[in-house]
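>>> Generate a structure from the sequence data that follows.
(4 chains)
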2 protein chains.
Amino acid sequence: MLGQLNSAELTNSAPIFAALGDRTRLQLVARLCGGEPLSITQLSAGSPVTRQAITKHLHVLAGVGLVHGFRQGREQLWELKHEQLEQARRYLDQISRQWDEALSRLQAVIEGETR
Amino acid sequence: MLGQLNSAELTNSAPIFAALGDRTRLQLVARLCGGEPLSITQLSAGSPVTRQAITKHLHVLAGVGLVHGFRQGREQLWELKHEQLEQARRYLDQISRQWDEALSRLQAVIEGETR
DNA sequence: AAAATGTGCAACTTTTTAGTTGCATTTCGG
DNA sequence: CCGAAATGCAACTAAAAAGTTGCACATTTT
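Next comes the predicted model:
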């Protein structure tokens, strides 16, 4: 039987969701998914918080593997890493699927009872 | 053109991810997606934290519409609400899709340059 | 009615997180 | 070489989050 939620995936997924669970960070991810690597200064432009705050957020995202930073000359560029995002998506898919299956089973039980 | 990430979805999605971004809460969601409503005591059983802590977590999940609680006799039962989970999943889908499109465009540019 | 079960509410402690300011360091352009 | 631009690092503040304890209240069960 597929679709069982094991403890390992749960432990791995929670920090990813936590990283995405901040408005500022989700905004960073949204901008970086444009594809082109952006510098900290670029990412800070138009933000209500300071450059240092943005830097911290980027490190949080990097900590769970959602983004990746590299140096180019005097600026630090950041880009999205697709893999971890996929893991989070897969996890939600699993929960959704399991939920749907559960509803089907309940439906079957109800139909059996009322028949 | 579809797939653009607007600010509203971003603002709505962040709190949902934040709610999922806690090990204990993600565990609750995982258990509730079994389909059958469970009481606080049942959900607390086997957890390292107290019943009151579990209650707080359930209210956090309810705050973003991920779960729904109702009273039955002396016990309070909780069940999963599918809709918000779907919204989170859709949001990750959007980011993934936009990312894939961005990669395609970059690929096209590179091929154009090296030709 | 009395004991047991299941919750709710409130105050309090401890940790984590978001954000700031200030200053040092590195790199680019003229 | 010098000033401007882009970051990095560290200390500190403030607010939010996670968890606890203690006790009151409602509903069963015997």
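>>> For the lowest-mean-pLDDT helix or strand in chain A, what is the distance to the chain centroid?
Lowest by mean pLDDT, DSSP states H and E among the helices and strands of chain A is helix A:82-114, with a mean of 86. For helix A:82-114, the separation from the chain centroid amounts to 20 Å (computed by C-alpha atoms, centre = their mean, to the nearest Å).
>>> Mind listing what's buried along it?
Neighbour counts over helix A:82-114 (16 or more other C-beta atoms under 10 Å in any protein chain shown) mark A:84-85, A:87-89, A:91-92, A:94-96, A:98-99, A:102 as buried. (C-beta placed from N, C-alpha, C; glycine too.)
>>> anything in that helix near chain B?
Yes - using C-beta under 8 Å from any C-beta of the partner chain, helix A:82-114 reaches chain B at A:82, A:85-86, A:88-89, A:92-93, A:95-96, A:98-99, A:101-103, A:105-106.
>>> Most widely separated two among the buried residues of helix A:82-114?
Within the buried residues of helix A:82-114, A:Q84 and A:A102 form the most distant pair, 27.4 Å apart (C-beta to C-beta).
>>> On the three-state scheme, A:E36 is what?
Secondary structure for A:E36, judged by DSSP: H, G, I helix; E, B strand; the rest coil, is coil.
>>> Contacts only, for A:A53.
Shown in contact with A:A53 (C-beta atoms under 8 Å, 6 or more residues apart in numbering or on different chains): A:T24, A:S47.
>>> Quick check: residues of chain A near DNA strand D?
Counting by C-beta under 7 Å from any atom of the strand, the residues of chain A lying close to DNA strand D are A:39-42, A:51-52, A:55, A:69, A:71, A:74-77.
>>> Residue numbers of chain A in contact with DNA strand C?
Counting by C-beta under 7 Å from any atom of the strand, the residues of chain A that sit close to DNA strand C are A:18, A:22, A:24-25, A:48-50, A:52-53, A:56-57, A:60, A:73-74.
>>> Drop anything exposed from the residues you listed.
With neighbours counted by 16+ other C-beta under 10 Å, the residues of chain A next to DNA strand C contain buried members at A:A18, A:D22, A:R25, A:H57, A:V60.
>>> Out of those residues, the closest to DNA strand D would be?
Using C-beta to the nearest atom of the strand, A:A18 comes nearest to DNA strand D of these, at 8.0 Å.
>>> That closest one falls within a strand, correct?
No - per three-state DSSP, A:A18 lies outside any strand segment and is helix.
>>> can you pull the contacts of the closest residue in space to it that isn't next to it in sequence?
Leaving out its chain neighbours, the residue that sits closest to A:A18 by C-beta to C-beta, 6 or more residues apart in numbering or on different chains is B:G21, at 2.9 Å. B:G21 makes contacts with A:A14, A:P15, A:I16, A:F17, A:A18, A:A19, A:L20, A:G21, as judged by C-beta under 8 Å, 6+ apart.
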